[in-house]
Structure formats: structure tokens, C-alpha cells
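*Asks:* Sharing a model prediction with you, sequence too.
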Amino acid sequence: MNAGMKNGINLLMILVLFISCVQEKEDNNVLRRVEACMELFPDSALSLLSQIECPECMRGQQRADYALLLTQALDKNYLDNLQSDSLIMIAVEYYKQEGDKLKAGKAYFYYGKVMLLKERFSDAMQAYLEASSLLEETRDYKVQGMVWEYIGYLNSVQGLYENSIDNFKHSIRYYELASDRRRILYGYRNMARGYFSVHHNDSAGWYAEKGLVLSDTVSGMKASFLHLLGLIANNEKRYPQAIEYFSNAMEVCDNLNDKYRYSLSLGRVYSEVGQKKKAEDCFVSCINATNIFVSSGAYYYLADMHKKDGNYLKAFLYKEKSDSLLEVTRNAELQKQLLDLQNKYENDKLILENKQIRLENEKQTYFYLFLFVFILGLGIIAFFLVRKRYRTKLLRNVEIIGNNNAIINRYACRIGECELTRTSG
């Protein structure tokens, strides 16, 4: 009995461990597939992550990998409202504790991006600097370049343009080491914008020209460099060149919203050189832009044109429309803040509900698993008990048969002896 129960318990433990190992292996396979498709197919990566049934059951490196990959997938799919600082902090703390500088650096970088979304700029900057320090000894040059690029963005937002220019130089150096041509062009564009912000038109023009030459090999970049060169030419009052640059930017641009921005810039140049009809056509074409700031700017410049012409009624009407759009923007920002709070509440509530559902499902799964294992255990114990009972009975029957055979042999001997006595008599 004791030996049978011991064997049964051991078998149960082996079965539970086997099931746990199989689930862990399946989750690891999913995470590796997510890593493989993250850069090119982030939507597929997010879909794969959603297939993991119980993320809360993960532990250690598996849990940290899941947290980092989910944060990356949400970022690359532009689902900023679903980002969570507590989620990515799981990865930050684990990788830093384990001394994995590469993954710790990546985790800090994405933690900085989450902080940036929350407009916690000092926390974001601290995270980026920590990421840069950790990644220095690694060969992931692309992520190092992205870290310095975002440090530059932060400094630019704060008005520290000289610092941002130096940061963008660092990003270009790392992108060149990574041979990432598109991001090198991002770096050139950032440098041009940085120098333009501090009125260093020569340097801005040099980077914009360099980017324009390389942009022929990368789709979707040429128009932005042409627009930058147009802004520089307009700033230097080289209006014919500015018109040419803006016109070319509109021709090669595939993005409708960007076309509206370029048209607005072109209209301003036409207005400067006195070509009012062309300027008005450009501004009117921007009225229906989905970007409220572009359409508001178009109404503002139309109002300014009519004011200079002495048509104060039209100027007043256009100015009213411009102001009303800006008011809509302010109200939209307020609504967005309220909506974000509501979404956060709803998301927290949904997460809690999903967690409760998962816990219930988990409980049911464990119950059925326990029931299965329990029945299996009873079956195993019953098997051993029946086998033991059968063996005992078998041994007893063998013993009885042996005894009977001995008795039969004795009787046979006696009969033989009697026959001999009768024969001799």
C-alpha cells in the first residue's frame, strides 16, 4: 500500500511538471516568433502576443521578455493609449538585476518613450541617459542612435537647440555604424531643422542638400528635404528658389496632409512676392486640411491678405474661422485629457475584469487538471492495490496447490505400498 501510493504520487508530480514545461516551451516559442517579426510586421507580433493565454503565470526572463515585446508592439502599432509604465518596468528591473545590458538598455529606452507620452520629460530624459550608458558596451547601434535621437527631441522641445544638434550628431554616427540609411536621413533632417531653428542657414542647407541627394534611394523622404530647402530659401529672401523647392515638394509628396503643409508654405511665398491670386489659391486649397493647425493657418493668412487689401469684412470672417478652429483645438485637447482619464479608468476596469476572467478560467483549468490527476492517481493506486491483492491470492493458490500435490504424492506412495504388500502376501 505504501509503495503503491508513493509511486502514484511520484507519477502525479512528474505529470504536473511535464504539463508546466510544455506550456513554458510553447510560450517561449511564441516569444521567439514575436522577436523575429517585430521590425517588419509589428501587427503580426501584437497578434501573436495576444495568443499567450496566461501572461500573469509567466516568471523570470519569460515575464520580462513578454513585457518588453508587448511594449514594443504597442509602440510600433501606435497604440499609445494602451502603454503602461508598470509593464515596461518589469523588464527594466529584471534585465538590470540580471546584468543583461542590451535588453536593459532597450527596456530603459521604451520606458523613456512611455514617460514622454505622459509628458514626464525629466523621467524620460533620465531613462534615455540610462539606456545610453547601458548600450555603450553593446553593438546594437540602431537602438543607440534612436536613444540619442529622442534625447535630441527632448532638448529641442525644451528650446535647447544647440544641445539637440549635438545629440542628433551622435544619432547619425550610430545610424551610420548600423548602416540604416533611412534613419541616417532622419538624422540629417533633424540636423537641418536644428540649425534652421538657431538661424544657421548655411549648416541647415548643407544637411538638407546632403539628405536630398541620398533621399533618392529611400522612399517618402525627398519631399521633406525639398520643403526644408524651401524654408531656408524663403528665410534668406530667395523667393524664386523657395517657390521651386515648395512646388517640387508638392509634386513628389504622396502624403495628403504634408501636401497641405507645403501648399501653405508656398502660399506664404507667393504672398511675399505679391502674387496674390496664386497665394489665395494655395491658402484656399488648405482650408479642408484634416490638420486643424494647417486649416487655421490658411484662414489666418487669407484674413491677413484681405486686411491688407482693405476688405475688412472678409478679413474679419476669415479671422473668426481661424480663431474658432484654434478654439476647437483647445476644446479637443481638453476633451482628449478627459477622454484619456476615462479611457484609463475603462482600461483599468477592463484589465481588472480580464484578470478576474483569467483567474476564473485558470481556477477551472486547475480544477479539471486536479480532477484528472486525482482520478488518474486513484486509478494508479487501485491498479497497484489490485495487483498486490492478485499476487497475494496467486501465491496462496500456488501454496495450496503445492500442499495438495504433496498430499496426493503421500497417498500415492501409501497406495503403492499397499499394492506391494498385497502382491507379496
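*Replies:* All right, it came through fine.

*Asks:* what about Leu228, how many neighbours?
*Replies:* 24 (other CB atoms under 10 Å). For glycine as for every other residue, the C-beta is placed from the backbone atoms N, C-alpha and C.

*Asks:* Report the separation between it and Arg32.
*Replies:* Distance of Leu228 to Arg32, computed by CB to CB, to the nearest Å: 41 Å.

*Asks:* Then Leu116?
*Replies:* Remark: distance between Leu116 and Arg32 (CB to CB) = 29 Å.

*Asks:* Neighbour count for these two, which is higher?
*Replies:* Taking neighbours as other CB under 10 Å, Leu116 and Arg32 compare with Leu116 leading, 20 against 10.

*Asks:* so what's the more buried one closest to, chain neighbours aside?
*Replies:* Leaving aside its chain neighbours, Leu116 sits nearest to Ala124 (4.4 Å; criterion: CB to CB, 6 or more residues apart in numbering).

*Asks:* Secondary structure element holding that neighbour?
*Replies:* According to DSSP states H and E, Ala124 maps onto helix 121-135.

*Asks:* Could you export that helix as PDB, CA atoms only?
*Replies:* Only the C-alpha atoms of helix 121-135 are listed here, as PDB (Å, rounded to 0.1, in the frame of the first residue of the first chain):
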ATOM      1  CA  PHE A 121      10.100  64.900 -19.500                       C
ATOM      2  CA  SER A 122      12.600  64.700 -16.700                       C
ATOM      3  CA  ASP A 123      11.900  61.000 -16.200                       C
ATOM      4  CA  ALA A 124      12.100  60.400 -19.900                       C
ATOM      5  CA  MET A 125      15.500  62.100 -20.100                       C
ATOM      6  CA  GLN A 126      16.800  60.100 -17.200                       C
ATOM      7  CA  ALA A 127      15.600  56.900 -18.800                       C
ATOM      8  CA  TYR A 128      17.300  57.800 -22.100                       C
ATOM      9  CA  LEU A 129      20.600  58.600 -20.400                       C
ATOM     10  CA  GLU A 130      20.400  55.300 -18.500                       C
ATOM     11  CA  ALA A 131      19.700  53.500 -21.800                       C
ATOM     12  CA  SER A 132      22.700  55.200 -23.500                       C
ATOM     13  CA  SER A 133      25.000  54.300 -20.600                       C
ATOM     14  CA  LEU A 134      23.900  50.600 -20.700                       C
ATOM     15  CA  LEU A 135      24.100  50.300 -24.500                       C
END
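
*Asks:* buried set for that helix?
*Replies:* With burial defined by 16 or more other CB atoms under 10 Å, the residues of helix 121-135 counted as buried are 123-125, 127-128, 130-132, 134-135.

*Asks:* ends of stretch 244-260, how far apart?
*Replies:* Using CA to CA, to the nearest Å, the span of stretch 244-260 from its first residue to its last is 16 Å.

*Asks:* Also stretch 32-48?
*Replies:* Stretch 32-48 has an end-to-end distance of 10 Å (criterion: CA to CA).

*Asks:* Contacts for it next, please.
*Replies:* For stretch 32-48, contacts defined as CB atoms under 8 Å, 6 or more residues apart in numbering pick out 30, 49, 69-70, 72-74, 76-77, 79.

*Asks:* Need the mean per-residue confidence for that stretch.
*Replies:* For stretch 32-48, the mean per-residue pLDDT is 89.

*Asks:* buried ones in it?
*Replies:* Of the residues in stretch 32-48, those buried (16+ other CB under 10 Å) are 34, 37-38, 42, 45-46, 48.

*Asks:* Out of those residues, the closest to Gly297 would be?
*Replies:* The nearest member of these to Gly297, counting by CB to CB, is Pro42 at 33.2 Å.

*Asks:* can you tell me how far the closest residue in space to the closest one that isn't next to it in sequence sits from Lys308?
*Replies:* Once flanking residues are discounted, Pro42 sits nearest to Lys76: 3.6 Å by CB to CB, 6+ apart. Distance of Lys76 to Lys308, computed by CB to CB: 47 Å.

*Asks:* go on, Glu93?
*Replies:* 61 Å.

*Asks:* and these two? which has more neighbours close in?
*Replies:* In terms of neighbours (other CB under 10 Å), Glu93 is the more surrounded of Glu93 and Lys308; the figures are 14 against 11.

*Asks:* Report the contact partners of the more buried one.
*Replies:* With CB under 8 Å, 6+ apart as the criterion, no residue contacts Glu93.
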